[in-house]
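# give me a model of this one.
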Amino acid sequence: MTTKSGHTILVVDDEPSICWGFERLLAEQGHIVLTASSAEEGLEKAAAQQIDLLVLDVRLPGDDGITALPRFRLAIGDAPVVIMTAFGDLETAVAAIHGGASEYLTKPFKLEDASRVCEAMLVQSQQTDNPDFDTADLEPAGAAVLVGRSAAMQQVFRRIALVADSELSVLITGETGTGKELVAAAIHRHSLRRDESYVAIAPVSLSESVIESELFGHVKGAFTGAADARKGLFELADGGSVFLDEIGDLPMATQVKLLRVIEQGEFTAVGDLRGRKCNVRVIAATNRNLKSGVEDKTFREDLLYRLSAVAIELPPLRDRRDDIPLLCEYFLRRLGYPSAATAIPDEVMTQLQGRSWFGNVRELRNAVEHASVMARGRIFELADFPVPQQPARNGFAEQGASLDGLVEAWTREQLSAGSVTALRDLHDRLINATEPALLRAVLEHTSGNRAAAAQLLGMHRGTLRDRLKRYELHLGGSDDQMR
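The predicted model follows:
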């Protein structure tokens, strides 16, 4: 669907090339394009005539775009607003959406992509009126490290901004180190409960015998050592938010009681008979596949449905490698460096972007801090960074090491070494490096029964015998077992 021609679009940016680009592309589509180099000039033009779409930069001389956005909203009514920003951080995204923006673009961007966004906003404005927006001031970012210009992180920012003001439970998923606890804190910080308590707990860190006491409290004499009554976290957080990290490790009996809190706003303290009311928003996080937990009977299906009213999935760092320079910039500035460009040479940054970062953002932050100590003020070298973290051998899927990630990491290391002369050579190296482990694991599973192993591997018995000879694997069993 396309928009009707003749829309009036106001572009406010102090970069003449940006204004010229928008003017050229949008005018070709039949629109009238007005430009301004400051918020004040833009407000004057917005007051003089009807504006169908506003494209507004954040960094401007005088008042910045976010500060001026409420006044623009008053001037243009319900017309859609597209914010342009060079800052890939959560606070800017939330401020833009809460201030009345319909969409935002992260610089640098292709003008053709920006033009498509503008057309989409015009189509949307023709189909439905935009809702009213909350223009309340936002709290400062504090120590949050949720930054990123990648499409995946921009989508995360959008979801946080859109769900923060709702009362729905939120389930945050993602590998270890991706920043789930930061997302939870950001949701609370930008919610209507922002002035109330925010309590975070990781039940996995507690023994099963004290989890319910911590969450729901207990009465005096409820158990040995309960000399006094004690309030639980849900009672302490009444009116605010509770963040339950690693929710997948919660005992089944406790899951039933948590479901009661979410559905009825009620709980019972340990040792008590009467129910108590509480008004809390539950935010949960996990690095596990809870659907598998439902199948394994270790996680309640009804609880999963209630928790995942809103789901936010955080991407692993290896899926947003373009954000690594931005994250390094953030960490280095917190350490007192003027910028990443003055500390990390391009060739070192390229090597960092090539790593798989199984520990995700947490591992990158620790690596940057380690390198800053080793460099002692000089330019960073690759040797200043610690050896990349390897995935755990057991349960590696829960530790963020997917099989494709392992293969990708190995391949990048081989290519960066410069020793691969042909793709066939690279493929052969991968097979030779991985097939012995595959054979060992399968033969261990079959207790050395090579006939059963061949069947599981989907290969002829003679092929398996040849492979074992090639890799000089002596794993027990005999050819008699293959007859």
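
# what about the helices in the stretch 1-150 of the chain?
In the stretch 1-150 of the chain, the segments counted as helices under DSSP state H, counting those that start in this stretch are 16-28, 39-48, 65-76, 90-99, 111-127.

# excluding its backbone neighbours, what's nearest F234?
C278 (4.8 Å; CB to CB, 6 or more residues apart in numbering). Where you see a C-beta, it was placed from the backbone N, CA and C, and this is true even at glycine.

# pick out the residue closest to the middle of this protein.
Centroid-nearest residue in the chain, with CA atoms, centre = their mean: L314, separated by 2.6 Å.

# residue contacts, it?
Each residue near L314 by CB atoms under 8 Å, 6 or more residues apart in numbering is listed here: 156, 172-175, 178-180, 183.

# with C19 instead?
Taking CB under 8 Å, 6+ apart, one finds 11, 13, 35, 37 in contact with C19.

# so who does the last one touch?
Listed by CB under 8 Å, 6+ apart, the contact partners of S37 are 12-14, 16, 19, 60-61.

# swap in 6 Å and give it another go.
Residues near S37 by CB atoms under 6 Å, 6 or more residues apart in numbering: D14.

# going forward, begin numbering at 815 instead of 1
Sure thing, new numbering starts at 815, so read that last one as S851.

# look up phi and psi at it.
Backbone geometry at S851, expressed as degrees, to the nearest 10, gives phi -100, psi 0.

# show me how this protein divides into domains.
Residue ranges for the domains of the chain, per automatic domain parsing: 822-941, 977-1127, 1132-1229, 1234-1296.

# if we can go back for a sec, of all the contacts of L1128, which comes closest to I1193?
Of all those, G993 has the smallest distance to I1193: 28.4 Å, by CB to CB.

# for the closest one, the count of nearby residues, please.
A total of 25 residues lie near G993 under the criterion other CB atoms under 10 Å.

# that one contacts G1173, correct?
No. Counting by CB atoms under 6 Å, G993 does not reach G1173; the two are 11.8 Å apart.

# can you list the weak-confidence ranges in the stretch 915-1064 of the chain?
For the stretch 915-1064 of the chain, the stretches flagged by pLDDT under 70 are 940-959, 1036, 1038.

# for it, what spans make up the strands?
Under the criterion DSSP state E, counting those that start in this stretch, the stretch 915-1064 of the chain contains strands at 917-920, 984-987, 1012-1015, 1031-1032, 1044-1045, 1055-1058.

# for H1259, which of the ones you listed is the nearest?
Comparing those by CB to CB, strand 984-987 comes nearest, at 30.2 Å.

# shaky segments in the stretch 1115-1264 of the chain?
Judged by pLDDT under 70, the stretches of the stretch 1115-1264 of the chain that qualify are 1205-1219, 1223, 1226-1228, 1230-1238.

# which residues of it fall in strands?
1124-1127.

# now the helices for it?
1115-1121, 1138-1148, 1160-1168, 1174-1189, 1217-1231, 1237-1259, 1264-1271.

# now these in a markdown table, with distance to L1073 and mean neighbour count?
Output for the helices of the stretch 1115-1264 of the chain, formatted as a markdown table (distance: least, CB to CB, whole Å; neighbours: other CB atoms under 10 Å):
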| stretch | distance to L1073 | mean neighbour count |
| --- | --- | --- |
| helix 1115-1121 | 5 | 18 |
| helix 1138-1148 | 37 | 20 |
| helix 1160-1168 | 43 | 16 |
| helix 1174-1189 | 30 | 19 |
| helix 1217-1231 | 34 | 14 |
| helix 1237-1259 | 38 | 13 |
| helix 1264-1271 | 40 | 19 |
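
# dump those into JSON lines; add distance to E837 as well.
Formatted as JSON lines, the helices of the stretch 1115-1264 of the chain follow (distance: least, CB to CB, whole Å):
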{"stretch": "helix 1115-1121", "distance to E837": "48"}
{"stretch": "helix 1138-1148", "distance to E837": "30"}
{"stretch": "helix 1160-1168", "distance to E837": "34"}
{"stretch": "helix 1174-1189", "distance to E837": "39"}
{"stretch": "helix 1217-1231", "distance to E837": "43"}
{"stretch": "helix 1237-1259", "distance to E837": "47"}
{"stretch": "helix 1264-1271", "distance to E837": "63"}
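
# tell me who's in contact with K1045.
G1031.

# beta-bridge partners for it, please?
G1031 (DSSP bridges).

# how confident was the prediction at the nearest residue to L883 once chain neighbours are set aside?
Leaving aside its sequence neighbours, L883 sits nearest to G913 (CB to CB, 6+ apart; 3.9 Å). Predicted confidence (pLDDT) at G913: the value is 72.

# distance of the residue nearest to the centre of the chain from G1079?
Distance check for L1128 against G1079: by CB to CB, to the nearest Å, it reads 28 Å.

# same question for L1073.
From L1073 across to G1079, the span is 12 Å (CB to CB).

# equivalent analysis for R1088, please.
Taken as CB to CB, the span from R1088 to G1079 is 15 Å.

# with D1160 instead?
55 Å.

# and the strands of the stretch 915-1064 of the chain: which comes nearest M935?
That would be strand 917-920 among the strands of the stretch 915-1064 of the chain, by CB to CB, at 5.9 Å.

# list the helices and strands the closest one packs on?
strand 895-899, helix 925-941 (3 or more CB pairs under 6 Å, 6 or more residues apart in numbering; DSSP states H and E).

# change it to 10 Å
strand 867-871, strand 895-899, helix 904-913, helix 925-941, helix 965-977 (3 or more CB pairs under 10 Å, 6 or more residues apart in numbering; DSSP states H and E).

# reformat the ones you listed as TSV; add mean neighbour count and distance to Q843.
What follows is the helices and strands packed on strand 917-920, written out as TSV (neighbours: other CB atoms under 10 Å; distance: least, CB to CB, whole Å):
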stretch	mean neighbour count	distance to Q843
strand 867-871	26	12
strand 895-899	24	15
helix 904-913	24	24
helix 925-941	16	7
helix 965-977	19	24
